[in-house]
Structures are given as C-alpha cells and as structure tokens.
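Engineer: Only the shape, not the letters, is given here:
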C-alpha cells in the first residue's frame, strides 16, 4: 500500500482521489445539519449509542466493495448512512464495550480525546464530526488527527481543515 502511494506521487499523481473526496465531503456536508437535528432530538443515552453506531456505520468504505456498491445503489448519502447504522443496531456487537464507555463518559468525561480519522465523506462528516461534537459538549478537549499526505480516499490534514471550516 505504501509503495503504491509513493509510486503514484513519484509519477505526478499526488492525490488521485481528490475530486471523489471533494464530492463525497460536499454530499455529506449537505445532509449534516439534518443528521445533527435528528441526533439532538434523542436523549443523551440514545444519542451516544447512535453516535457510536454512526461512527462505525459511516466507515462503509472499509466494509469492502460489494457492500459499498449494494448500499450506494439506492438512496442518498444520509439514507445509506441510516441503513448502515440500522445494520449495526443489533447488540451485543462482536466486541462490545459500549455500556462501560457510556458509563465512563456520562459520569466523568475524558479530559482530552484524540480521534484518528481516515476516510473522507460519510466517515468523516457523518461519523466523526457528530461524535467529536458530542465529546466537546461533554467537556472534553477533542483533537482530530489526519494524514499529512493523501492515501486512497483518506482525508488529509489540509482537507480536514477545509471540511471543518465549512
């Protein structure tokens, strides 16, 4: 993977997914207010669970090509996000420490949270931004960390700043 990215850069292909990332970020940003309003209508406990499910669901790029194509076939990016979140709503998950996490953050929030973000689009905008927003509301300092150089559809630090400024 790393060699592939180095070869692409060496031959002048600095960010082959740049336009795709811009399009997906724009699409996700256009529905972010609707998602935030939906989340704000939930009780704190329901909202936290929905945010964790959302952070997992929004990472659909990493589910594999077949799963992505099936989800993208019908619906808007918010519909796709909701569908993916619904698929994750059955607990317990394979690794499920949500109850301990919820008890911890609702009792005494973390002082500082570093969130390592990767994929552009729904992952970043619909998954990580709402989750970071909730942690900020709880009183945590939140630091979002992104790659300095492009790698496939991962958001870079420069792109992250652009998304957050919008």
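Structural biologist: That came through fine. None of the values given here were measured: they were computed from a predicted structure.
Engineer: max-length helix in the protein?
Structural biologist: helix 18-40 (DSSP state H).
Engineer: What are the contacting residues of that one?
Structural biologist: Applying CB atoms under 8 Å, 6 or more residues apart in numbering, the external contacts of helix 18-40 come out as 15, 47, 50-51, 54, 76-78, 81, 120-122, 124-126, 129-130, 133-134, 150, 153, 155, 159, 163, 166. C-betas here are computed from N, CA, C, even on glycine.
Engineer: can you list contacts of the helix or strand just after that helix?
Structural biologist: Per DSSP states H and E, the first helix or strand lying C-terminal to helix 18-40 is helix 44-57. Here helix 44-57 makes contact (CB under 8 Å, 6+ apart) with 35, 39-40, 42, 81, 84-85, 87-89, 98, 101-102, 105-106, 126-128, 130-131, 134.
Engineer: Can you point out the buried residues in helix 44-57?
Structural biologist: 47-57 (16 or more other CB atoms under 10 Å).
Engineer: out of those residues, which one sits closest to residue 145?
Structural biologist: Within those, the smallest distance to residue 145 is 14.8 Å, found for residue 55 (CB to CB).
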